[in-house]
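K.L.:
kindly generate the corresponding structure for this input.
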Amino acid sequence: MHSWNISAREAIAMQKQLAAQVICTGMPEKIDIIAGVDLAYDKKSELGFCSIILFSFPDLSVIESAFCHDRVTFPYIPGLLTFREGPLFLKTFETLDRRPDLILFDGQGRAHPRGLGIASHMGLVLNVPTIGCAKSKLFGEYRQPCSEKGSRSILTDKEGNRIGTVLRTRDGVKPVFVSPGHLTGVDESADIVMRCVVKYRIPEPIRAAHNSVGNYKRSILEKR
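P.N.:
This next block holds a predicted model:
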């Protein structure tokens, strides 16, 4: 663990240092529990809200939920999302009774300008396999995959290195951008995300976390 009370310049330097420690190969030998994570914010205050939903895998039944809110002080800066969301996520993670075998983040993994999105960073901190699954591209180059469900194209950096997958999760809908966080490979990450797709564009663990954090946020703000 490192200090979260740092400047943007220090955060960028830390990302460059930590990125060298990320392992983007393989996958867990066995996945019994998979987690979905999402965060939300109150525009009128500095409050942030986090939801972590644990699912059995591969049947995707909810087995545990954790929620937390706290003051968030690090500003929104593209590429530095971890330093805004990481502390609140870790605080929420500590309340779980079970430890997931893999975590899906609504955000980036290796597909990041410095190779360290929130999925990669949190995977390093916790030493847990992680995957980033984002609704839009932050970094990289790609060609559109075919329109059929399950179609893929490669996401690369400027040197042509594979950093993720552009994955079509439903026929004719916009793709998602999947990248390995830590202790998972590029192809393995896309395979796992596809196995978590039920009937929506977004994989079920992340979709459930998104819906639940919105409900949690409203319940907290109504009491204020």
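K.L.:
for Thr169, see how far away the residue minimising distance to the centre of the chain is.
P.N.:
With distances taken as C-alpha atoms, centre = their mean, the residue of the chain nearest its centroid is Phe105 (1.6 Å). When C-beta to C-beta, to the nearest Å is applied, the distance between Phe105 and Thr169 equals 16 Å. C-betas here are computed from N, CA, C, even on glycine.
K.L.:
how many other residues sit next to Gly150?
P.N.:
14 (other C-beta atoms under 10 Å).
K.L.:
just Gln15 next, same as before
P.N.:
21.
K.L.:
buried ones in the longest helix seen in the chain?
P.N.:
Secondary structure assigned by DSSP state H gives helix 204-222 as the longest helix of the chain. Neighbour counts over helix 204-222 (16 or more other C-beta atoms under 10 Å) mark 204-210, 212-213, 216-217 as buried.
K.L.:
cool, stretch 139-146 as well?
P.N.:
When burial is assessed from 16+ other C-beta under 10 Å, stretch 139-146 yields the following buried residues: 139-140, 142, 145.
K.L.:
go on, stretch 59-75?
P.N.:
For stretch 59-75, by 16+ other C-beta under 10 Å, it's 60, 64, 66-69, 72, 74.
K.L.:
same thing with stretch 4-20?
P.N.:
Residues of stretch 4-20 classed as buried by neighbour count (16+ other C-beta under 10 Å): 11-12, 14-15, 18-19.
K.L.:
apart from its chain neighbours, what residue comes closest to Glu85?
P.N.:
What sits nearest to Glu85 in space, not counting adjacent residues and going by C-beta to C-beta, 6 or more residues apart in numbering, is Leu39, at 5.0 Å.
K.L.:
spit out the contact partners of the one you found.
P.N.:
Contact analysis of Leu39 by C-beta atoms under 8 Å, 6 or more residues apart in numbering lists 48-51, 85, 88-89, 106, 213.
K.L.:
where does it sit, in terms of helix or strand?
P.N.:
Counting by DSSP states H and E, the element that carries Leu39 is strand 33-41.
K.L.:
doesn't Val178 make contact with Val193?
P.N.:
Yes: taking contact to mean C-beta atoms under 8 Å, the distance of 5.0 Å between Val193 and Val178 places them in contact.
K.L.:
so what sits against both of those two?
P.N.:
Each of 131, 133, 167 lies in contact with both Val193 and Val178 under the rule C-beta under 8 Å, 6+ apart.
K.L.:
can you put these in a markdown table and add pLDDT and neighbour count?
P.N.:
Conversion of the shared contacts of Val193 and Val178 to a markdown table gives the following (pLDDT from 0 to 100; neighbours: other C-beta atoms under 10 Å):
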| residue | pLDDT | neighbour count |
| --- | --- | --- |
| Ile131 | 98 | 31 |
| Cys133 | 98 | 30 |
| Leu167 | 98 | 24 |
